[in-house]
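Colleague: What follows is a protein structure lacking sequence information:
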């Protein structure tokens, strides 16, 4: 039984890593907006023409932080995997992936720009959530 449990945890870990690796494509797209003149605002924008770059940078650093925390919890000490850290992981994943979809019904311009981007977003979100669900028992959640 212990080998099966370890295998399930490893499957969860692999799913999370797969999602994060797929997500690096989207992450790189965000980074590529910085210093790209086509991603600037109108000159009359009071916070500056390049303010969108600042938000792209903030998003990219926030994304790295989320991935790092979840990887630390999943690959770190067993004692770090508690019910509260599972819920923290869940909330971090919701915060990371929900913006791909939750704004679209209200502001259609917030949708992915094309089908390829939408597929990348699905590919990066689904495996980590499945991994998180598989890992519940390793965080002492019944």
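Modeller: Yep, it's here. Quantities reported herein were computed from a predicted structural model and do not represent experimental measurements. Residues are numbered from 1 along each chain as shown.

Colleague: Need the single longest helix in the chain, by residues.
Modeller: Determined from DSSP state H, the single longest helix within the chain is helix 2-32.

Colleague: For that helix, name the packing helices and strands.
Modeller: Under the contact definition 3 or more C-beta pairs under 8 Å, 6 or more residues apart in numbering; DSSP states H and E, helix 2-32 sits against helix 51-75, helix 115-134. In short, each C-beta sits where N, CA and C put it, glycine included.

Colleague: Would you check that residue 141 makes contact with residue 89?
Modeller: No - the pair formed by residue 141 and residue 89 falls short of the contact definition of C-beta atoms under 8 Å, at 11.0 Å.

Colleague: more neighbours, the two?
Modeller: Counted by other C-beta atoms under 10 Å, residue 141 and residue 89 do not tie: residue 89 has more neighbours, with 22 against 13.

Colleague: Retrieve the pLDDT associated with that one.
Modeller: Looking at residue 89, its pLDDT reads 98.
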